[in-house]
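Chemist: any chance you could fold what I've pasted below:
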Amino acid sequence: MAFDLVQYFAEQIKIQKPQLFSKFSAQEKQAYIEEVNVLTLGQLISLWKQDHSKVYKEIYSSDPLYIQGVARHLTTSAHNKSSLKPAELEASISEILTLQLTELKQLDETGSFGQTGLTELLTGQIEHLSGQAEDWVWSTNQLTELLGSKPVEQHEISLDATLQEFSQLVHHTPKQDEIVVEQEPVPNWAYIVAPLVALYILVFLYCAYCQLIS
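Modeler: So this is what the prediction gives:
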C-alpha cells in the first residue's frame, strides 16, 4: 500500500496554509480543504499518467504559469460543481497545487524516488482517493475509474422506532364517523291540518264524556 498522500497533504494544508478558507466555519473549512485537495491531487495523477516526465520537471520548477493553467482548467471544467466561487476555487487550487508539488519534491529528494518511484507513489493514491469525493470531482480531474466509489449514505432505521410504529398500527382504532340524520322539512299543509285534528279529538272526547254522564 502506497504512503497516503491524501491525508498527508490535507494535514500540510492546515499547517502551512491556515489562512485558506478561514472565512468559513470550521466544518466548512475542513470540507473545502478535503474537496480541493483531492480535486488537485487527482488532476496531478491524471497529468502524471499522460506525461510523467513533464510533471516531474514541474515538481522541481513549480512554474506559476503551469500551476495557473491547471487551476484554470479545473475551475472552468463543465463537470465542476464546487460551491466555491470560480475565482476562489482557482486561487485555492493554485495554492494547494503549489504545496503538493513542493512536498513531492522534498519527498523525492529525501527518498530518492526518481520518476519510477514517484509513479508508484502517485498511482498508488487511487486506493486512498476512492470514496473521498462526489463523482463530479473525478469527472473534473479525469480520474473516471473512481466514479461511483463514494458509498451512498443510508439512514439507519431504528428498531425501537419501527416497533413503535407497528404498535401504533395494531392498536389504532379508527374513529367512527358521526351519523348525521338530516331532518326533512315539514310541509306547510301540516301546520294547517294539525289544529283541525286536535279539535276533532277534543270534540270526540267531549261527546264520549257526555254519553258517560247521561
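Chemist: in this structure, where is pLDDT below threshold?
Modeler: Low-confidence segments of the chain (pLDDT under 70): 1, 152-200, 203-204, 206-210, 212-214.
Chemist: quick one: the helices in the protein, in order.
Modeler: In order along the chain, the chain carries the following helices (DSSP state H): 5-16, 26-50, 52-61, 64-76, 86-111, 114-123, 126-129, 135-140, 159-171, 188-213.
Chemist: so which bits of the fifth one are buried?
Modeler: Same thing as helix 86-111. For helix 86-111, the neighbour count (16 or more other C-beta atoms under 10 Å) marks 88-101, 103-105, 107-108 as buried. C-beta coordinates here come from the backbone N, C-alpha and C atoms, glycine included.
Chemist: same deal with the shortest one?
Modeler: Buried residues in helix 126-129, defined by neighbour count with 16+ other C-beta under 10 Å: H128, L129.
Chemist: if you count contacts, what does that helix end up packed against?
Modeler: Here helix 126-129 touches helix 5-16, helix 26-50, going by 3 or more C-beta pairs under 8 Å, 6 or more residues apart in numbering; DSSP states H and E.
Chemist: if we go to 7 Å?
Modeler: Judged by 3 or more C-beta pairs under 7 Å, 6 or more residues apart in numbering; DSSP states H and E, helix 126-129 is in contact with helix 5-16.
Chemist: show residues contacting the helix it packs on.
Modeler: Residues outside helix 5-16 that contact it (C-beta atoms under 7 Å, 6 or more residues apart in numbering) are 20, 33-34, 37-38, 41, 96, 99-100, 103, 125, 128-129, 132.
Chemist: between that helix and helix 86-111, how many degrees?
Modeler: Interaxial angle of helix 5-16 relative to helix 86-111 (axes from the mean of the first three to the mean of the last three C-alpha atoms, to 10 degrees): 110 degrees.
Chemist: re earlier: now the helices of the chain as a markdown table including distance to L147?
Modeler: Below are the helices of the chain laid out as a markdown table (distance: least, C-beta to C-beta, whole Å):
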| stretch | distance to L147 |
| --- | --- |
| helix 5-16 | 17 |
| helix 26-50 | 12 |
| helix 52-61 | 23 |
| helix 64-76 | 17 |
| helix 86-111 | 21 |
| helix 114-123 | 17 |
| helix 126-129 | 12 |
| helix 135-140 | 5 |
| helix 159-171 | 34 |
| helix 188-213 | 83 |
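Chemist: how about those helices, which one is nearest L146?
Modeler: The minimum distance between L146 and the helices of the chain falls on helix 135-140, with 4.3 Å, by C-beta to C-beta.
Chemist: which neighbouring elements make contact with that closest one?
Modeler: Applying 3+ C-beta pairs under 7 Å, 6+ apart, one finds that helix 135-140 contacts helix 26-50.
Chemist: let's see that with 10 Å instead.
Modeler: Helix 135-140 sits against helix 26-50, helix 64-76, with contacts defined as 3 or more C-beta pairs under 10 Å, 6 or more residues apart in numbering; DSSP states H and E.
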